[in-house]
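In: Here is my input, please return the structure:
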Amino acid sequence: MSAADTKTLGDILFADKAKVRVSEDEWLELVRAVGDGDQRALHSLYEQTYRIVFTLIVRITANQETAEEVTLDVFYDVWRKASTYDPANGSVVGWIMNQARSRAIDRLRFDQRKKRVNTCPHSLQPTTDIVALEVLSPEERNAIETAFFSEYTYEDTARKLNQPVGTVKTRIRSGMGKLRKALARED
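Out: Here you go, the predicted model:
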């Protein structure tokens, strides 16, 4: 590939020469109008950026349906947060893409936690969970409750409990093993 063939992201995004490039000042006007409650400005911002937002989100989540939902969430956030946009922190498009990336990663983590929680072979019944939880040490129970009921990652749980991540993982793993055995005995 020659230097003449190399394209920037801007070249790719604005490959259609019929479209006029939007200056940062125009982006700023749009986001300020959105911040003032102008729905037409939000629609214009959406129309000009939704493709790149959706593309980024679908690449992160690897799921088109999820990407569609998250894209709408991103523009809802843009609507709510437009008045807080500060040009000193970067371009408008960069700000939107940053929100898209964060939302997509949050959704991915949420879906992974949901899968982790739903992979428990037995559901805890009100009468069995009390007996099953008695097999846990206080540290295991605390780590499991903090992680699963608050939907925290291992890192978040470790911070919340002020313990090393490895210790939290070990306590959760050993506690889950004890719970599986206790629940298997009750079946």
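In: ok now stretch 63-78, how far from the chain's centre?
Out: Between the centre of stretch 63-78 and the centre of its chain there are 10 Å (CA atoms, centre = their mean, to the nearest Å).
In: next one: stretch 74-87
Out: Mean C-alpha position of stretch 74-87 versus that of the full chain (CA atoms, centre = their mean) differs by 17 Å.
In: Check what contacts that stretch and list those residues.
Out: With contact meaning CB atoms under 8 Å, 6 or more residues apart in numbering, stretch 74-87 is reached by 24, 28, 31-32, 34-36, 42, 45-46, 50, 53, 57, 92, 95-96, 99-100, 103. Any C-beta I mention is one placed from the backbone N, CA and C, and that applies to glycine too.
In: now do 6 Å
Out: 28, 31, 34-35, 42, 46, 53, 95, 99-100, 103 (CB atoms under 6 Å, 6 or more residues apart in numbering).
In: ok, now stretch 136-143?
Out: So stretch 136-143 is contacted by 168, 171-172, 175, 178 (CB under 6 Å, 6+ apart).
In: Compute the first-to-last residue distance for stretch 76-86.
Out: Start-to-end span of stretch 76-86 (CA to CA, to the nearest Å) is 18 Å.
In: what is the rounded mean pLDDT of that stretch?
Out: If you average the pLDDT over stretch 76-86, you get 94.
In: Grab the nearest non-local neighbour of T153.
Out: R109 (6.6 Å; CB to CB, 6 or more residues apart in numbering).
In: how many neighbours does the one you found have?
Out: 13 (other CB atoms under 10 Å).
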